[in-house]
Every structure is written in C-alpha cells, then in structure tokens.
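# just to be clear, the model below is a prediction. Sequence and coordinates:
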Amino acid sequence: MIKFDFSRNYFELFGLEVLFQIDDALLVGNYQKMQSEFHPDRYVDGDEKQKRMAMQATTYINEAYKTLRDDQSRARYMLELQGLHFDVEKDTTQDMEFLMSQMNLREQIDEVDSKDDPLDCLDELSSQSRKDKKNLILAFQEHYLAQRWDEAKEIVLKLQFFTRLQQQINQKQEALEEQLM
Amino acid sequence: MALLQISEPGMSTAPHEHRLAVGIDLGTTNSLVASVRSGVAETLLDESGNALLPSSVYYEMNKTPVVGEKALQKVSTDPLNVVSSIKRVLGRSIEDINLANEFNPFTFASIKDKQVPRINTAIGPRTAVEVSADILLALKDRAEKTLGGDLIGAVITVPAYFDDSQRQATKDAANLAGLNVFRLLNEPTAAAIAYGLDQAAEGVIAVYDLGGGTFDVSILRLRKGVFEVMSTGGDSALGGDDFDQAIASWLTDILDDSIRGNITAMRQVLAAARQAKENLTQQASTVISIDGYDDVELSKETFEQLIEAKIKKTISACRRALRDADIDKEDVSEVVMVGGSTRVPLVRKQVEKFFDKKPHVDIDPDRVVAIGAAIQADILAGNKPGDEMLLLDVIPLSLGIETMGGLVEKIINRNTTIPVARAQEFTTYKDGQTAMRVHVLQGERELVSDCRSLATFDLKGLPPLVAGAAKIRVTFQVDADGLLNVSAQEVNTGVSASIEVKPSYGLSDAEIESMLKASMENAREDMLARSLREEQVEADRVVEALNAALAKDGELLLSEQEIEAIILKRDMLIGVRNKTQNPEEIKQAIKSLEAASEHYVARRMDNSVRSMMKGHKVEEFES
C-alpha cells in the first residue's frame, strides 16, 4: 500500500524550512527521491487503487515542486500558509506609479519592431525587468520576516506582472526570430 | 515439476522469472519491436532477418491483412488496397488532413462531417486505429514467436509532439491489437534512454528526431538516474516524407502537372523521389527516371535548396525548446540524432552548426527509438528491481478552455511535468445563466480558431444568479501517459459534469466499445473514481463554507465547547477526505459534520431573521 501524507505543506514535503531562500540542491534531490518512490511508473503492475494513489501523490509532488521553484509562486504560497487569500479577479496592486512603469515597459516591447536591433532591445528590457524583480524580492523578504503581511502581499501581486512581462518578451522574441528566418 | 530448467543460449538465464515485455516504435514508414534479452536490448528480426517492418498493410477480400514487405509488393498490382503512412492520419480529422494538403497514398471513404476518416480497402472502410492495430499485431506476433511466450506489456513510442487525440488513438490501436500498454513514451526520450544508459552520461541532452512524417526536439536533463524532460517541441506533420514531396513536386513541375491526378504514376514519382534523396546522401547528383518521360538530373545543391526551408523550421523549433527549458545552447552537453531522415547531410550540417557540437550518430537512427523503448519496458516490467532509472515526462502542448470572445484561457502550460492537476475558476456572464459550455482546447495560440478542439461538454443546472456570482471550477487532470480528464463544478451548489477527453472527431464511445468490448469492471472503477472526486469536492465546499461562517459569527453564536466539537468533526472530515479512496466514507463524514453543526445553522438563521427585523436589507448578510 502506498503511504503518502497529503496534509504536509509543500515545504514540509521536501524537508525545507518555510523561507524564501531555499536550499535548491535539497529541493531537487528530495523531489527526485520522492518521484522515484511514488511515480506511476513504479506501479504499472499495481491494482487500480495503487495506480490512482500514485497518480495523486505524484500530482501533489509536481505541484509542490513547481510552486516552490518559481519565485513568485513560492512567495505567494508562503503568504497563503499564513492564511492570506488571493483572489485572481479582484486582487491587484493599487500602486499607480508601478502600473505606469509596467505599461511603459510593455509599450517598449511592442515598439521594438521599429528599432534597428529589436532583439538587443528585448535583451535589455529583459535584464531591466530582472533587476526590478530582484529588488522586489528583497523587499518581500523583509516584509515577510517582519510579518507585514499586507505589504508582502502587495509585492506578490506586483511580481505577477514580471512573470507576464517575461512571457511577453519571450513571445516577441519568438515572433521576431520567425520573421528573420 | 521440473527439477532443472535448461535455457537455450541467448535466452534469459531465469526464464521463469523474466517477464516478457517489448518496446515498439510505431513509425510512419517502418515499425520495429525490440526487447531486452540477457541484459541486452536488441531489435527483433523476422524470418528473413529484417528488423524493419514496413508500416504498410495489404487488404484482400476474405483474407487476413498482410503487413510489411509482402504488402508493399502488392503496390504495383493492387495499389488501392495497400495502406501506407497511416501514422500521418492517426488521431486526425478529415479537416486536419485536408489542411495539411499532402499527398496520401490512399483514398478516404466518403464521410459525414466530424466522423472518423475511413480508408477504402477491399475488406471495407478501415479507420487509422484499425490499420495501426494490424501493424501492431504483426509486431506482437513476431515478438511472441521470437521470445517464446506471451507478452505482459509493451511500451509504445509516439512523437513528443503528438497531441492528446493522437496519443489516445495510438493507445486504442494497441489495445485493439491485444497489447497491454505500460506507457506511451515520447520517441526522443526513448532515444536518449538508449544513449544515456550506454554511456552513463550526466548533463543536458538535446535529441533531434527527424523521422518520415514527424519532427521532434527534446531537451532532457539526466541526473542521478532520473531523466527529466525539460522541454519538447516540434511538428507532427514535418519529416523526411516532406523531402520526398518537395522533390516530387519539383519533378512534376518539370515533367507534366497532369501526372498529379494519376495515383499509380504519383506512386512511381514518390518512390523515385525517395530513391533520389537516398542517393544524394553519398553523391553530388543523381538521375531520376519515370516511365514515359525523359530522365531528369537532380543536383545536391538543388535538392538542398528544395529542403532548406523545412530544415530551418526544425532549427527554429530547437531554439524554442531551449528557451522553454530556460537554458542556453552552450548548456547542451550532448546532441543525439534520431530518425532515418537525419542521414541527409544538410540536416546533420545544420544541426551541428546550430548547437556547435558534433551530434551522436553511432546507434542506428532507425533502431534507437525501439531500443530505448525496450529498455524502459524491461524496467517497467520489473525485470530490473535494482534499477533506479526513472523518467519524468512533460505535456508537449498547453491545455485550456474557451472563454468569452473566442479566447483561450490556458489552464496547464506546455512542458509541465506530468501527472498534473490544475483547477481554475470561471464565472457566468449573463444574469440568470443556468448552463455553461466547457470547450477544451490544446495549443499555444490565443484564439480558439488557432488551437485544436479536443472536447466540448455542458455544465447544466446552475443556480440562476446575477452575472459573475456563480463560481465554476474547471479541473484538468493529465495522467502519466499525457491523457487528459476534465471536470467542471459550480462551487456553491456542487453541480458538476466531467468528461474523459476523447477527440471530438475521433472514434465515438460506441465505436470504441464495440471495438474493445470494454469490461464492466473498468466502467465501475471509473464511476467510483468519479464519485470519489465529486465527494472530495463536496467535502472541500462544506469545509470552506463552514470556515467562512465560523470566521464571521462563530464566536458570537457558539460557546467555546461547541466550536471545539464542530472543529473536531471538521478536521475528521478533512482527514477522511485526504486519505480514503471510498466516496461513501467521505459522504458519511460530511453527514456527521452537518449533524454536529445543525444547531449552529439554526442559530445563524434565527440571528439573520432577527437582524432583518431590525430593518436591515438581506443583501448585507450574504457573504
């Protein structure tokens, strides 16, 4: 019989402390160890119940791993563990200055087509956005440790924008490369 | 009972323990079967010593189908009853096939809209699933004869870029052929297994797989015996056959356009084109001869011009796969070449140039996939209990549902490790809306019209609320084979509907049933799984509603002991919900919680009535 405790939170699952800075090697190592034990491939000969359990356990492990691997989703999850809720529809940052700068960045992405070296421009935007994101993450850690939950949540909401911004940059890059072909 | 068991040389040293399992490469042009014997993976040969079985089937009235070389021999005398390249249409709709605008060496029976394409043969119309099953059956027979026993299971490879319906169709074909499918394995992954284990490499591997009809690129990470597919990309309708088509189309332009209408002549043209392509791997130019026309010379330069755009398309997919894996070209430590079409010199040259690395070509590119599949099958059969190798695969294409305005909302992104489950909440957009259509799509584009439609189902009986008040949770579950299951539920009322995604143009349930005679036991299991899911969701809803109520007025209306008693029951429910596989147990736990909180519910109602008397509006008490 497969024994898997679904009540553990994602950090506990991988034997990690609930901190933003995580031990990457430990996360990856334990992820692979757990996959080796619970993956459905280990139960191709098992009964339906075992197969289902294996699938559910691995699904949980994959979700946990994916959540912890990404900065934004990890930060958000840490706050959810503190009892904070995120409503996709309603929650958004009210920081006008921030929103303006985001809009500005997006416009710049749209406008790279007219530049001489659009791919270089995208690289630059990408590194700029990475720098901004890094600063936000530092602020998040401070707020989190000081238990200023609302401020920490505000940062998680802002981080979402960077995830989307990076996606947009990638899409643009792909489109440009296709054109160049 | 025999005291001594004598095994033949070459057989397993412990035949009574060794469980027979095979890896099958079901290819567009050729198929292979391989197995691990005495610890060595090898392709299994037919009586004449051939590993490759041409993926062609010949149908003759009142006879069993003939597969392979013997079928190909009938092409000259009875071309319409020889079915080849069936993989190109497996799991695809007639619209897809027409869209691809390629020459298929067979004709379709006239079909009604949205029906499964059927190919005309002497024994009547046959679906691609049935034709594929005929090929798989031939491979199964070969394996059971060679290995001397019944197979307990098989690993069947599919192009990584195969979508849900193509995978489902492959699995259906295997079941129809009487094979127990351990796992569908992505072809490039299989190739990496074949190489990786031989060389015990650690690092990042790019697998470039250009077969007859499909192109795949996969980026894999091998670390301490775990193969992790980081990303995969490609094109399920691009391959070496396109090179033949390019030559054929160039040739007919030169010779005579009207030749295209003549199936027999086109077969000759395609065969000549293929031969020319093969000649040009060694020679600088070749002469093409077609009956009734002058000879035509094709130089390597011209050939390379004809195919250059196709190769560029593959390089573009490599770039995207690297980006999805979030790594640079320099991080790639090995490049593996798979598929017969990688013998074309220009392909090797372009791949080497892009990755700036000499690609591996030491295992026969035609056999490497089957060999990798055999190794995986051997492990899954439990023949190597000490072997820790594990394969973590991803879904190749994003999955989502249609939202307002013909847009696709992605629920699971491509290259997410499977199995995976993801839920997202949607809402109604009209006042009083009581039903919602869930349209499941696959693809990377934003518009519904650019993505592949997988299934549609309706969620009915929603409570008539104002627009935006209903909360519909749509859950996608993808299993380890990459097959999808979708369910939708209105969170407040528990109204739900779900569907196991079968392609909307694929085989109907009735067809599958009659073909497979699905056992009642399976159906019961499915229903059990479904009601388990339903009860789990119901439990979550009850817990959530209770928590919300307690937070609002628990302390106001209940004593400390009363709260404790309710919380005890609540936690018991959560425990049961997370542990049990029996929906009935969850149902009981819900009932027990409801009983424990009955007085609380009553007090809440009293309280709200009292408050109303004070002249408040009802709306204020709605959470």
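Yep, that arrived.
# can we go C-alpha only for contacts and neighbour counts from here?
OK.
# residue B:568: neighbouring residues, count only.
14 (other CA atoms under 10 Å in any protein chain shown).
# do you know how far it is from residue B:547?
Here the distance between residue B:568 and residue B:547 works out to 13 Å (CA to CA, to the nearest Å).
# repeat for residue B:479
Counting by CA to CA, the separation of residue B:479 from residue B:547 is 32 Å.
# which of the two has more neighbours?
For residue B:479 versus residue B:547, neighbours defined as other CA under 10 Å are more numerous around residue B:479 (20 against 14).
# number of residues surrounding residue B:549?
There are 15 residues near residue B:549, going by other CA under 10 Å.
# make sure I have this right: it is in a strand.
No: assessed with DSSP: H, G, I helix; E, B strand; the rest coil, residue B:549 is helix; it does not lie in a strand.
# okay, now the closest residue to residue B:329 other than its chain neighbours: neighbour count?
Nearest non-adjacent residue to residue B:329, counting by CA to CA, 6 or more residues apart in numbering or on different chains: residue B:355, 6.1 Å away. Neighbour count of residue B:355, defined by other CA under 10 Å: 21.
# relative to chain A, how far out is residue B:355?
Residue B:355 is 17 Å from chain A, where distance means CA to the nearest CA, to the nearest Å.
# next, the contact list for that residue, please.
Residues in contact with residue B:355 (CA atoms under 8 Å, 6 or more residues apart in numbering or on different chains) are B:329-330, B:332, B:335.
# helix, strand or coil for the residue nearest to residue B:43 when sequence neighbours are not counted?
Of all residues not flanking residue B:43 in the chain, residue B:34 sits nearest, at 3.9 Å (CA to CA, 6+ apart). Secondary structure assignment for residue B:34 (three-state DSSP): strand.
# so the one residue in chain A that gets nearest to chain B: helix, strand or coil?
Distances between chain A and chain B by CA to the nearest CA are smallest at residue A:59, namely 4.7 Å. Judged by three-state DSSP, the three-state class of residue A:59 is helix.
# so it sits against residue B:419, correct?
Yes: counting by CA atoms under 8 Å, residue B:419 is a contact partner of residue A:59 at 5.2 Å.
# who has more neighbours out of the two?
residue B:419 (29 against 24).
# list the contacts for that one?
Residue B:419 touches A:55, A:58-59, A:62, B:477-480, B:482, counting by CA under 8 Å, 6+ apart.
# among these, name the ones in helices.
Counting by DSSP state H, the part of the contacts of residue B:419 found in helices is A:55, A:58-59, A:62.
# scan those and report the most crowded one.
Going by other CA under 10 Å, residue A:58 tops the ones in helices among the contacts of residue B:419 with 27 neighbours.
# OK, contacts around it?
With CA under 8 Å, 6+ apart, residue A:58 has these contacts: A:35, A:38-40, B:419-420.
# how about residue B:277?
Each residue near residue B:277 by CA under 8 Å, 6+ apart is listed here: B:243-244, B:303, B:344.
# apply 6 Å and report the result again.
Residues near residue B:277 by CA atoms under 6 Å, 6 or more residues apart in numbering or on different chains: none.
# on that earlier part again, quick check, the residue nearest to residue B:43 in contact with residue B:40.
No: using CA atoms under 6 Å, residue B:34 is not in contact with residue B:40, being 10.2 Å away.
# and these two? Which one has more around it.
A count of neighbours by other CA under 10 Å puts residue B:34 above the other of residue B:34 and residue B:40, at 30 against 11.
# residue B:207 sits in which helix or strand?
Assessed by DSSP states H and E, residue B:207 sits inside strand B:203-210.
# in the chain, which residue is most central in space?
Reading this off chain A. Against the mean C-alpha coordinate of chain A, by CA atoms, centre = their mean, the closest residue is residue A:70 at 3.1 Å.
# that answer is for a different chain, and I need it for chain B
Nearest to the mean C-alpha position of chain B, by CA atoms, centre = their mean, lies residue B:167 at 3.5 Å.
# what about it, which SS state?
Going by three-state DSSP: residue B:167 is helix.
# gap between it and residue B:236?
On the measure of CA to CA, residue B:167 and residue B:236 end up 12 Å apart.
# count of neighbours near residue 43?
I went with chain A, as the question did not name one. For residue A:43, the neighbour count with other CA under 10 Å is 22.
# that answer is for a different chain, and I need it for chain B
Neighbours of residue B:43 using other CA under 10 Å come to 23.
# cool, residue B:424 as well?
17.
# can you map out the helices along chain A?
So, for chain A - with DSSP H - the helices run A:10-13, A:24-38, A:48-69, A:71-81, A:96-111, A:118-145, A:149-180.
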